[in-house]
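Peer 1: What follows is a predicted structure for the sequence shown.
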Amino acid sequence: MLKQSRESESDNCFTAFYLLVPGELIDMAGRLVMRKLTASDIRSAVQLSMEAGWNQTAEDWCTLIELTPEGCLAIEVDGELVSTTTLLCYGQRLAWIGMVLTRIAYRGRGFAHRLMTEALGLADRMKIETVKLDATDQGRPLYEKLGFRCEQAVERWWRRRETGHSSASVIDQQASQDSWRDVDLRVFGADRTELLSKLACRHPPLSLGDSYLFSRPGRLTSYLGPCVAETSASARALIERALQTRRSGGWSWDLLCSNVQAVALAHALDFTPKRHLTRMVRGKEQHAKVEATYAIAGFELG
């Protein structure tokens, strides 16, 4: 798709490059271009995340591009998408860095650093107070050089698709936006209504009082989260109900390790740790209410 449309878009690509990186020398043959991601890149973006073994689907990439068209950045070489970074803004209080990916054959050339620098420059120009991300051990040194500091541990847990038993009090219909918007703002600490509204359109959340759980299919496993719950019992009822949905590949659940109730619940529901990351922050300190956060929205979403 990119190679076919490159000739007609070349002027736009070069313009975008100069706007993104003022004064930087570029290859006039047009072999390397930094620009914004568009919907036409989704197929290539999925291939990029597949190469890394990540769980995102085409719909996940589409959601990011729709929510933050200015913050989805890419580098292409000879018309091939080779590196990405996304900046998802939740108002001016918080922005989230995600999808920091580079094709294996192009690693070690500084592409991730270049895109991260541009994303952070964009956040600064927008006067974003806090920028966060969830870092692998491999990525931590890069982020530390860019001014990020460690905040807390976050883990992905996994289980097979065998189902459990649910509470009859869980509602199987989409919770109204009014029932979760204010609670989520209070717990998460920033307004992510646009994100949750899109997730709700894809798969209606389950609710129980002021507690709610979103879920969605992934490329490899189905995904639990975000989940905000008043009590561990409420979180368990919601998660058990979601687990009754028969989907291949099992389930992934990203949680904050400092929420000991969430960790205990994951053990009780036969989940096991699969990936360990570090939540990092740049700018002002800003913390979600950990005790009510039973699942995050995703490493790329916060």
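Peer 2: Perfect, thanks for sending it. Numbering: from 1, shown residues only.

Peer 1: can we go C-alpha only for contacts and neighbour counts from here?
Peer 2: OK.

Peer 1: Can you show me the helices along this structure?
Peer 2: 2-20, 42-51, 58-67, 111-125, 140-145, 177-188, 193-202, 232-243, 260-268 (DSSP state H).

Peer 1: Now do the fourth one: distance to the chain's middle.
Peer 2: On the basis of Cα atoms, centre = their mean, to the nearest Å, helix 111-125 sits 17 Å off its chain's mean C-alpha point.

Peer 1: most packed of the helices of the chain?
Peer 2: Most buried of the helices of the chain by mean neighbour count (mean count of other Cα atoms under 10 Å) is helix 232-243; its value is a mean of 22.

Peer 1: what's the angle between it and helix 260-268?
Peer 2: 40 degrees (axes from the mean of the first three to the mean of the last three Cα atoms, to 10 degrees).

Peer 1: Send me helix 232-243 as CSV with only the CA atoms.
Peer 2: Taking Å, rounded to 0.1, in the frame of the first residue of the first chain, the C-alpha atoms of helix 232-243 are listed here in CSV:
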residue,chain,number,x,y,z
SER,A,232,-12.2,-7.6,45.2
ALA,A,233,-15.5,-9.5,45.2
SER,A,234,-16.9,-7.1,42.6
ALA,A,235,-13.8,-7.5,40.4
ARG,A,236,-14.0,-11.2,40.7
ALA,A,237,-17.7,-11.4,39.7
LEU,A,238,-17.0,-9.2,36.6
ILE,A,239,-13.9,-11.1,35.6
GLU,A,240,-15.5,-14.5,36.1
ARG,A,241,-18.4,-13.4,33.9
ALA,A,242,-16.0,-12.2,31.1
LEU,A,243,-14.1,-15.5,31.3
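
Peer 1: how far out from the middle of the chain is it?
Peer 2: With Cα atoms, centre = their mean, you get 23 Å for helix 232-243.

Peer 1: I'd like to know which elements that helix is packed against.
Peer 2: strand 206-208, strand 211-216, strand 222-228, helix 260-268 (3 or more Cα pairs under 8 Å, 6 or more residues apart in numbering; DSSP states H and E).
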